[in-house]
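[1] Need a 3D model of the sequence below.
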Amino acid sequence: MHPAPAMAALWLIWVVTWTLAALWADPAQKRADLRAEARYRALWMAGTILLFVPPHGYAGRLRLWTPSLPEAWICVALIAVGLIFSWWARLHLGRLWSAAVTAKAKHRVVETGPYGLVRHPIYSSLLLAILATMAEKGTVWSIAGAALLILGIFIKARLEESFLRGELGSAYDDYARRVPMLVPFVPA
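    Below you'll find the predicted structure:
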């Protein structure tokens, strides 16, 4: 079996289950500005399209590297780790999760589980999965897609930080001083 179908299956399963799980989130009480959200959403859309352009048949300047079979399977394993970690974070957040930047009724700082490692573990885990996908594909398109997705994640994380500071005040400020934003085990 080639790793590409396994990679595609992992992402497809993740997207379908992630979308279906949105049904169990609590309704939002307050939402970030839609114009601010449009920036990261546009980057995510363009990045997703570019990241998942099929690499079959690309040679020369469009194909920058071709991973060996063991390297490709390592990438698939890293994608699986990233997507599983994102699910752990989402389950730990529970009904407070939202695809948009929102505040829920009784919103609070979640500091346990993966949220004790980083403030945005879903984004951190998606960064791992995106970079592993890019490495497995090795194309100019995958690099461009990964760059746009990473930029979109950073923009959304900063928007979320600002929004949560406004909603949760000093509780979030204290949390942000103790826990790094995206990369575990680095000083906050």
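
[2] Check which element follows the longest helix belonging to the chain along the chain.
    Of all segments of type helix in the chain, defined using DSSP state H, the longest is helix 140-168. Per DSSP states H and E, helix 140-168 leads on to helix 170-178 as the next helix or strand towards the C-terminus.

[3] Quick check on residue 63: phi, psi?
    phi -100, psi 110 (degrees, to the nearest 10).

[4] what's the closest non-adjacent residue to it?
    Once flanking residues are discounted, residue 63 sits nearest to residue 139: 5.7 Å by C-beta to C-beta, 6 or more residues apart in numbering. Any C-beta I mention is one placed from the backbone N, CA and C, and that applies to glycine too.

[5] What residues does the residue lying closest to residue 149 once chain neighbours are set aside make contact with?
    Of all residues not flanking residue 149 in the chain, residue 47 sits nearest, at 3.6 Å (C-beta to C-beta, 6+ apart). Residues in contact with residue 47, defined by C-beta atoms under 8 Å, 6 or more residues apart in numbering, are 144, 145, 146, 147, 148, 149, 150, 151, 152.

[6] Redo those as a markdown table? Include distance to residue 104 and neighbour count.
    Shown next, in a markdown table, are these (distance: C-beta to C-beta, whole Å; neighbours: other C-beta atoms under 10 Å):
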| residue | distance to residue 104 | neighbour count |
| --- | --- | --- |
| 144 | 35 | 17 |
| 145 | 31 | 23 |
| 146 | 31 | 21 |
| 147 | 32 | 16 |
| 148 | 29 | 21 |
| 149 | 26 | 26 |
| 150 | 27 | 19 |
| 151 | 27 | 15 |
| 152 | 23 | 21 |
